[in-house]
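Undergrad: Kindly return the folded structure for what I paste below:
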Amino acid sequence: MGTDFFENIKRIHFVGIGGVSMSGIAEILHTRGFIIQGSDRSPGSITEHLKSIGVTVFEGHNENNITNSIDLIVYTVAVKNDNPELAAGRSKNIQIVDRAFILGEIMKGYRYPICVSGIHGKTTTTSMMSQVLLDGGYDPTISVGGFFKSINGNFRVGSNDFFVNESCEYFDSFLKFYPYIGIILNIEEDHLDYFKDLNQIEDSFNKFVKLVNKNGAIVISNNIKNLNKILQGATAKIITFGNEGADYSYDNLEYNDFGYSSFDILNNGRYLCHVELSVPGFHNVLNALAVFASSEYLGVPTATALIGIKNFAGTNRRFQLKGHFNGAAIIDDYAHHPTEIKSTINGIKNIKYNKLFVVFQPHTYTRTKLLFDDFVTAFDGVDTIIVTDIYAAREVDSKEIHSKDLVKALENRGLHAIYIDNFDSCAKFLCNICSPNDLLITMGAGDVYKVGDKLLLEDLSTLSTGF
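TA: Residues are numbered from 1 along each chain as shown. Got it, this is the predicted structure:
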């Protein structure tokens with residue numbers, strides 16, 4: 001594995017092995033010859049796949065799953081400290097590490113780990129970078145936070161050269177990684193249930209850049225505030241992308257009727273090449289620049305990079321066209337931060353449509369409360385905004401914020417906003433107002449996509465009775 005950490009380890013147990021990243025890590029270690037087992041409360045297609053390749057999977061968490069033959073236990077931050085398997089591991093003095101740590105140790109075995117970080121756009125950029133390496137025949141290992149069609153999932157086990165990894169700042173997880181290329185797309189306030197403020201977030205990213213291999217590169221947006229603070233102490237080569245003045249910038253930007261862009265890439269102000277995208281929105285112009293700059297540093301031929309960028313058609317839940325209902329396009333989007341919402345709405349200005357409807361599911365009470373004013377200004381241009389109940393995720397309702405508060409503030413701003421507490425009623429309401437050439441976007445990081453699925457998959461007679 002290229003690291004001394006694994007020297008005396010043979011059997012590894014994963015607590016929550018059915019998770020997207022956990023299952024991928026388990027599969028990598030399985031292919032490397034380790035004996036892998038794990039448990040999960042919600043077995044499904046992922047655990048069935050693991051079983052099919054020879055991994056032992058237990059349903060539910062039980063102390064009896066932890067035997068003396070286990071050398072290492074891996075868990076995620078979602079697992080509580082009183083988990084019976086963790087408790088059993090501690091009682092047996094078995095080494096216990098979290099998911100990010102083990103992923104970092106695995107990275108040490110690769111020549112070129114590419115860590116894609118930032119508050120927004122990580123999944124899309126990780127996938128776009130992966131598409132370039134896949135199309136170039138580089139056989140990358142890939143770990144991405146969304147369903148990526150080109151690998152039919154979230155994880156791909158490749159050779160020991162390239163490892164493209166979506167690297168999240170939450171809980172400082174990315175500080176346990178060892179990047180050769182460290183991409184930083186943007187830095188803003190988020191995850192304020194963990195970080196105290198923006199200053200602490202910037203400090204975390206500063207620690208991240210110091211982890212980048214001195215022979216590698218930090219590929220960073222020149223639009224980031226306090227750029228000098230973020231880069232202080234960095235030893236790797238610094239490559240900027242973004243607006244005029246960046247090492248890699250754009251010119252002659254155009255959009256087609258689908259909202260896909262084409263533009264010239266400039267290197268230090270000089271024309272380098274012309275690129276076409278197959279995903280909409282200006283934010284993807286910046287994502288593509290980050291990918292191209294990284295590809296150049298890795299020695300990927302320009303023509304190969306351009307083909308991969310053009311072939312990239314997006315990932316699930318990132319402005320994903322799900323189908324049509326009553327002639328209206330139903331799109332699902334993962335946007336759950338005000339900046340992401342604005343990017344999505346601005347991105348469709350280049351698409352021809354009649355009316356725009358958004359079903360928004362706020363994600364976590366903390367984010368909704370602390371970024372409330374930014375959410376209120378994020379939906380300008382939407383004809384009707386339906387706000388559903390807040391998706392709690394890892395949190396408990398503190399009763400300090402409610403979706404109705406957001407609806408009232410949006411109405412005060414002059415927007416047409418309504419509160420609907422359940423997805424069936426959302427679907428019934430939309431069933432009566434969606435018309436040909438309208439756009440309906442289900443938006444949020446929770447399960448709001450189910451609204452669109454109801455319109456597309458259920459018996460419409462159950463939805464046409466009105467709201």
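
Undergrad: where do the helices sit along the stretch 101-250 of the chain?
TA: In the stretch 101-250 of the chain, helices defined by DSSP state H, counting those that start in this stretch lie at 122-135, 198-211, 227-231, listed in chain order.

Undergrad: actually the stretch 351-467 of the chain, not the one I typed
TA: 365-370, 372-376, 403-412, 423-431, 449-457.

Undergrad: Including distance to Ile351 and mean pLDDT, could these go into a markdown table?
TA: All C-beta spots, glycine's among them, are computed from the backbone N, C-alpha and C. What follows is the helices of the stretch 351-467 of the chain, written out as a markdown table (distance: least, C-beta to C-beta, whole Å; pLDDT from 0 to 100):
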| stretch | distance to Ile351 | mean pLDDT |
| --- | --- | --- |
| helix 365-370 | 28 | 95 |
| helix 372-376 | 23 | 97 |
| helix 403-412 | 23 | 98 |
| helix 423-431 | 19 | 95 |
| helix 449-457 | 17 | 93 |
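
Undergrad: do you know which of the ones you listed lies nearest Lys355?
TA: Nearest to Lys355 among the helices of the stretch 351-467 of the chain is helix 423-431 (11.4 Å), distances taken as C-beta to C-beta.

Undergrad: helices and strands around the closest one, which ones?
TA: Other helices and strands packing on helix 423-431, by 3 or more C-beta pairs under 8 Å, 6 or more residues apart in numbering; DSSP states H and E, are strand 356-360, strand 384-387, helix 449-457.

Undergrad: Endpoint to endpoint, stretch 332-344 covers what distance?
TA: Distance between the two ends of stretch 332-344: 11 Å, counting by C-alpha to C-alpha, to the nearest Å.

Undergrad: Flag the helix or strand of the chain with the lowest per-element mean pLDDT.
TA: strand 153-156 (a mean of 86; mean pLDDT, DSSP states H and E).

Undergrad: List of residues touching that strand?
TA: 20-21, 23-24, 27-28, 130, 140-148 (C-beta atoms under 8 Å, 6 or more residues apart in numbering).

Undergrad: give me every residue that touches Val77.
TA: Counting by C-beta under 8 Å, 6+ apart, the residues that Val77 touches are Asp98, Arg99, Phe171, Ser173.

Undergrad: mind running it again at 7 Å?
TA: Listed by C-beta atoms under 7 Å, 6 or more residues apart in numbering, the contact set of Val77 reads Asp98, Phe171.

Undergrad: What does it show for phi and psi?
TA: Dihedral angles phi and psi of Val77 (degrees, to the nearest 10) take the values phi -70, psi -20.

Undergrad: Over to His283?
TA: Torsion angles, degrees, to the nearest 10, at His283: phi -60, psi -30.

Undergrad: thinking it is in contact with Thr124, fair?
TA: No: with contact defined as C-beta atoms under 7 Å, His283 does not count as touching Thr124 (8.1 Å).

Undergrad: Give the residue from these two that has the larger number of neighbours.
TA: Using other C-beta atoms under 10 Å, the more surrounded residue of His283 and Thr124 is Thr124, with 29 against 23.

Undergrad: ok, that one to Glu169 distance?
TA: The spacing between Thr124 and Glu169, counted by C-beta to C-beta, to the nearest Å, is 16 Å.

Undergrad: What of Tyr365?
TA: Taking C-beta to C-beta as the criterion, Tyr365 is separated from Glu169 by 20 Å.

Undergrad: go on, Arg318?
TA: Distance from Arg318 to Glu169, by C-beta to C-beta: 19 Å.

Undergrad: and what of Lys454?
TA: From Lys454 to Glu169 the distance is 34 Å (C-beta to C-beta).
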